[in-house]
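Participant: sequence? don't have it. structure:
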C-alpha cells in the first residue's frame, strides 16, 4: 500500500494558502441547462456537456441519466474522492474505496398526491468499503473527518436520514 504524498502535499499547500488568504477559498459554480427534445436537457458546465433525461415511464426517452441518478453518483463520487484525499492528508494509506449509495423516497410528495409526504429523498444509505493496512480506528477516524467536511453531504437537507456503514478490509 503506497501513501500518496503528492496529494498530501497538494492539499497542504492549498490549506496553507487559504489560511494566509481566505479569498483564495471563495468561489462560485455555474451550470447552464437547456431543454432539447421532450423532457431531455443538455447541461453545460464549463467546457463539458452532459445530457440528462427521464425514464420512459416518466415521459422521457431514457437516453441519458436522470437527475436522481446523477445526484446519487455525485454523492458517491464525492465521498470516494474525499476518503482518498483525507486518507492522504491524515496519513492513512488507502488501496481501494467503494461506495454504494441507496436512497428511499415516496413519489407521492413530488406528485402533490399527499401533502404529509415530504418531497424528495427520505433516507439515504452509504455502504463504504475501504481497503487499507491502517488500524481500523484510524480508518474510521479518517472517514468521520471526510464525512464531516464533505461539501456534498453538507448540501443535503437535514430532513433526510443518513445511514453510514463502513467496512474496513485489511489488504
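Facilitator: Received it, and whenever you're ready, just let me know what you need. Small disclaimer: the values here were computed from a predicted structure and weren't measured.

Participant: could you say which helix or strand contains residue 51?
Facilitator: Element membership of residue 51, judged by DSSP states H and E, is strand 48-52.

Participant: how big is the angle separating the helix ranked longest in the chain from strand 48-52?
Facilitator: Ranked by number of residues, the top helix in the chain under DSSP state H is helix 67-89. Counting by axes from the mean of the first three to the mean of the last three C-alpha atoms, to 10 degrees, helix 67-89 lies at 140 degrees to strand 48-52.

Participant: Mean confidence (pLDDT) on helix 67-89, please.
Facilitator: Average pLDDT, helix 67-89: 97.

Participant: after it comes which helix or strand?
Facilitator: strand 96-105.

Participant: next helix or strand past that following strand?
Facilitator: strand 121-131.

Participant: immediately after that next one, which helix or strand?
Facilitator: helix 136-148.

Participant: for that next one, which positions count as buried?
Facilitator: Neighbour-count burial for helix 136-148, counted by 16 or more other C-beta atoms under 10 Å, picks out 138-139, 142-143, 145-147. For the C-beta atoms, the positions are set from N, CA and C on the backbone; glycine is no exception.

Participant: looking at the chain, which helix or strand does the model trust least?
Facilitator: helix 5-20 (a mean of 92; mean pLDDT, DSSP states H and E).

Participant: name the helices or strands packed onto it?
Facilitator: Contacts defined by 3 or more C-beta pairs under 8 Å, 6 or more residues apart in numbering; DSSP states H and E place helix 5-20 against helix 67-89.

Participant: Give me the angle between the helix it packs on and helix 5-20.
Facilitator: Going by the same axes, to 10 degrees, helix 67-89 makes 90 degrees with helix 5-20.

Participant: Can you give the distance from helix 67-89 to the centre of its chain?
Facilitator: Centre-to-centre, helix 67-89 and its host chain are 4 Å apart (C-alpha atoms, centre = their mean, to the nearest Å).

Participant: Could you do stretch 65-75 as well?
Facilitator: The answer for stretch 65-75 is 9 Å, by C-alpha atoms, centre = their mean.

Participant: coming back round to it: which secondary structure elements does the longest helix of the chain contact?
Facilitator: Right, helix 67-89 is packed against helix 5-20, strand 48-52, strand 96-105, strand 121-131, helix 136-148, helix 151-154 by 3+ C-beta pairs under 8 Å, 6+ apart.
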